[in-house]
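Student: okay, here's the prediction I keep looking at, along with the sequence it came from:
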Amino acid sequence: MSGNGGKTLRTVIPKELRDALKGAVDLILPFRCSICGSVSDTEGRFGNYDRLYRSLYGSKNELHICGKCLSGLTINDEDKRWFLCLSEPVENDPCPGLALYMPFTYKGIVDIAVPRIKFGKNIELARLFGAVLGTCVSDEGIRADLIVPVPLSDSRLKERGFNQAKEIAEPVARINNIPLADDCLIRIRDTKRQSEISEESKRANNVKGAFSVSDKWDISGLRVVIVDDVATTGATLHEAAKALYKAGAAKVLCIAFAGNRAVKNAEPY
């Protein structure tokens, strides 16, 4: 509304009224599932997760997900969660036998959700996956001295606004009482997106020498877990592990939320 010499008069709505109006709108326009877009029918069922979320981030969880998608997050059978990190082992591997723990298959709901995280910038989904993965790690009895997320390049981080590996790793660390070191591993050169490269050898070359351990950290003799969202050939995690071993880590385990492996080829960590 204009008047008083062209100045605009703004109406201030009390907070109580704003909250009431928002509640009324929510009843008319229900929340939509962050994965499939259907009506979210799981509101109010995330009590434990809501408490974890508040303790981690100091704010309310804004994730909305339907029961169908939630039930689609089905962990693989116990004998199909452990693999060799590299899908195709190589000769003279500097860290032979490097194990990969990967409890979910990259299909169905996960196949839909991961692009929502990476390209739809849905940080809430990454955090939910982290909480689910953290519970899996706890149930598996995996222990370590440090949890390290795979870092993004500065340009990719700026583009996306957050590092999905870090957002997944943080609840894993919190649930398992393991310190998170999100500045331990650094990316020292930009690389192409692994998803854009089809040949396995080219994927390995793309990330070769891409990581280093920050001078801020002394990881000599430590057991370190590296966390990423998805593993395909395992080249990225393998290259990160090489950097950690070079810096003196005693033991390195790779963990990815999901991947498309079908064959069990490593014993548990």
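Tutor: Received the coordinates, thanks.
Student: residue closest to the middle of the chain?
Tutor: The C-alpha lying nearest the average C-alpha coordinate of the chain belongs to Ile168 (C-alpha atoms, centre = their mean; 3.0 Å).
Student: ok, it touching Ile147?
Tutor: No. With contact defined as C-beta atoms under 8 Å, Ile168 does not reach Ile147; the gap is 10.2 Å. C-betas here are computed from N, CA, C, even on glycine.
Student: what touches both of the two?
Tutor: Val227 (C-beta atoms under 8 Å, 6 or more residues apart in numbering).
Student: just for this protein, where's the confidence low?
Tutor: Scanning the chain for pLDDT under 70 picks out 1-13, 15-30, 190-209, 262-269.
Student: mind listing the helices for it?
Tutor: With helices called from DSSP state H, the chain shows them at 15-28, 47-57, 67-71, 108-118, 123-140, 154-160, 164-175, 200-207, 235-246.
Student: looking at those helices, which is nearest to Val213?
Tutor: Among these, helix 235-246 comes nearest to Val213, with 5.7 Å by C-beta to C-beta.
Student: buried ones in the closest one?
Tutor: Buried residues in helix 235-246, counting neighbours by 16 or more other C-beta atoms under 10 Å, are found at 235-245.
Student: same check on stretch 62-76?
Tutor: 63-66, 69-70, 72-73, 76.
Student: also stretch 132-141?
Tutor: 132-137, 140.
Student: what do you get for stretch 175-193?
Tutor: In stretch 175-193, counting by 16+ other C-beta under 10 Å, buried: 175-176, 178, 180-182, 184-187, 191.
Student: kindly reformat those residues as CSV containing distance to Gly221.
Tutor: Listed next are these as CSV, based on distance: C-beta to C-beta, whole Å:
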residue, distance to Gly221
Ile175, 25
Asn176, 20
Ile178, 16
Leu180, 19
Ala181, 15
Asp182, 21
Cys184, 14
Leu185, 17
Ile186, 21
Arg187, 24
Thr191, 30
